[in-house]
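Trainee: here's a sequence, model it:
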Amino acid sequence: GLSIAASESREIKIHFKAYTPPYVFGSGKGIVVDFVSEIMESQGYTVKPVFLPIERSFKMFAEGNIDAIAIIAKSSGLPHAFYSNAFIAYHNFAIILKSKESRPEITRLEDLGRFDVIGFQYARRYLGKEFGRIVSDNSRYREIANQETQVLMLLKGRTDVVVMDKAIFTYYMNKLIRSNRVDADMAVEFVDLFDPSPYR
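Mentor: Model prediction:
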């Protein structure tokens, strides 16, 4: 629901996570920003995008300083929140280098407990209890907020596995190839261990 103040002003402040291309670019563009803006404009609202870390957005939403949060799970636990239908789904994969000499054999979730694994920030929280249990027991698991670094570390052979959304990985891999930071003939394998995560 929208606050009365928002409907009177017809401007609506919507939080977007700062930089998760191709979904959101910090410049205020991206698939999700464009999609949400068009929907809200069709209802007579002008979207004012707000780019913040997700924790700050929860606090600002609770205090009434922003009107909505885009790309949020229904399980977020925000009090007094009304959720739209799911309009986007991230599909996370375990991604490995095909060319790595000691290529990890990963066919099931439990296999992630035996390798160097880098997840996206809060992956342990978002990817289910079983994943959380497995990586909590793996001292070689860590999370990195910068997803470009995550991709680079895999492509440079500095980790065995990264866990992230396929579209985000592909965006950064292509960016790194274009800037000649990795070889253009890098081959990776996407191991499908996770259900798509719907967001609202």
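Trainee: the residue lying closest to P21 once chain neighbours are set aside sits in which helix or strand?
Mentor: For P21, ignoring the flanking residues on the chain, the nearest one in space by C-beta to C-beta, 6 or more residues apart in numbering is Y171 at 5.0 Å. (C-beta placed from N, C-alpha, C; glycine too.) For Y171, the enclosing helix or strand under DSSP states H and E is helix 166-178.
Trainee: picking up where we left off before, from memory the residue nearest to P21 sits against T20, does it?
Mentor: No: using C-beta atoms under 8 Å, Y171 is not in contact with T20, being 9.2 Å away.
Trainee: secondary structure element holding the residue lying closest to F58 once chain neighbours are set aside?
Mentor: Once flanking residues are discounted, F58 sits nearest to L78: 6.3 Å by C-beta to C-beta, 6+ apart. According to DSSP H and E, L78 maps onto no helix or strand at all.
Trainee: and the gap between L78 and V151?
Mentor: Distance, L78 to V151, by C-beta to C-beta, to the nearest Å: 30 Å.
Trainee: more crowded one of the two?
Mentor: V151 (26 against 16; other C-beta atoms under 10 Å).
Trainee: ok, that one - contacts?
Mentor: V162, M164, F169, Y172, M173, L176 (C-beta atoms under 8 Å, 6 or more residues apart in numbering).
Trainee: equivalent analysis for F169, please.
Mentor: Counting by C-beta under 8 Å, 6+ apart, F169 has contacts F93, I95, Q147, V151, V162, V188.
Trainee: which stretches of this protein have low pLDDT?
Mentor: Residues of the chain meeting the criterion pLDDT under 70: 1-9, 100.
Trainee: can you do 80?
Mentor: 1-9, 18, 26-28, 54, 77, 99-102 (pLDDT under 80).
Trainee: mind listing the helices for the chain?
Mentor: 4-9, 31-42, 54-62, 123-126, 129-136, 147-155, 166-178 (DSSP state H).
Trainee: which of the ones you listed is buried the deepest?
Mentor: Comparing the helices of the chain by mean neighbour count (mean count of other C-beta atoms under 10 Å), helix 147-155 comes out on top with a mean of 20.
Trainee: is there a neighbour count for E189? I'd like the number.
Mentor: Neighbours of E189 (other C-beta under 10 Å): 13.
Trainee: correct me if wrong: it contacts I95.
Mentor: Yes: at 7.1 Å, E189 counts as touching I95 under the criterion of C-beta under 8 Å.
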